[in-house]
Every structure is written in structure tokens, then in C-alpha cells.
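Asker: Here's a sequence, model it:
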Amino acid sequence: MYECLHVALLPQPEPTPLGASCPACDAVGAHPVQLRLCLACGHVGCCDSSPLRHATGHFEETGHPVMRSFEPGEEWRWCFVDGSIV
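Answerer: Numbers count the residues shown, from 1 in each chain. Predicted coordinates:
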């Protein structure tokens, strides 16, 4: 696993999730395919397999670089800046 510089800058402990689902999907009645947790602020968004790609949109809006899977049993993290699993 690649260890990017952005991981070292993440808050510890990781932020509390701001919800149990993607609020932007919920607001428009869309169904998120997979959920992702922003490790900078706790925002929960849907993945790029979802039609509206809210996790990526959150990164594009905020610049928060690292997220992790918010699916049960998954702990992998992704850095949007480095384009890599970290």
C-alpha cells in the first residue's frame, strides 16, 4: 500500500461520520451504490459507481484529499490527489 503525504496530515482520531448515508443522494431520492467517508471532516458521500459521485464532488469542492470506504468490513483508503489506495 502506498503511503502518501496526505495521510500524515489527517486528524487523529478520524472524524465522526456526519451521517449514515449520502445526504446529497437522500435529498434527490437517488440510491447510493457504495459510501465513502471523508477523513478530513467526516462527510459521507456516494462513490464513483453511483450516478452522482458525491464523494468525488466533495473532494473537488473542498480539496479534502483522503477518504475511506464507509462500507461494513472495508477499511481501505483512497487519496484523490495521488490517485492511489493509501
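
Asker: Where do the strands of the protein begin and end?
Answerer: Counting by DSSP state E, the chain has strands at residues 35-38, 44-46, 66-69, 77-79, 84-85.

Asker: who wins for proximity to Val28 among the ones you listed?
Answerer: Shortest distance between Val28 and the strands of the chain, using CB to CB, is found for strand 44-46: 11.1 Å. The way it works is simple: take the backbone N, C-alpha and C, and place the C-beta from them, glycine included.

Asker: just checking, what packs against the closest one?
Answerer: Taking 3 or more CB pairs under 8 Å, 6 or more residues apart in numbering; DSSP states H and E as the contact definition, the neighbouring helices and strands of strand 44-46 are helix 23-28, strand 35-38, helix 54-62.

Asker: could you dump the strands of the chain to a markdown table with distance to Gly57, mean pLDDT and mean neighbour count?
Answerer: Listed next are these as a markdown table, based on distance: least, CB to CB, whole Å; pLDDT from 0 to 100; neighbours: other CB atoms under 10 Å:
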| stretch | distance to Gly57 | mean pLDDT | mean neighbour count |
| --- | --- | --- | --- |
| strand 35-38 | 11 | 98 | 25 |
| strand 44-46 | 7 | 98 | 25 |
| strand 66-69 | 12 | 98 | 20 |
| strand 77-79 | 14 | 96 | 20 |
| strand 84-85 | 20 | 93 | 12 |
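
Asker: I'd like those written out as JSON lines, with distance to His58 added.
Answerer: As requested, these are arranged in JSON lines below (distance: least, CB to CB, whole Å):
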{"stretch": "strand 35-38", "distance to His58": "6"}
{"stretch": "strand 44-46", "distance to His58": "5"}
{"stretch": "strand 66-69", "distance to His58": "8"}
{"stretch": "strand 77-79", "distance to His58": "12"}
{"stretch": "strand 84-85", "distance to His58": "18"}
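
Asker: Of all those strands, which one is nearest Cys4?
Answerer: Using CB to CB as the criterion, the shortest distance between Cys4 and the strands of the chain is 4.7 Å, found for strand 77-79.

Asker: Adjacent strands (with direction) for that closest one?
Answerer: Paired strands of strand 77-79, with direction, are strand 66-69 (antiparallel), strand 84-85 (antiparallel) (DSSP bridges).
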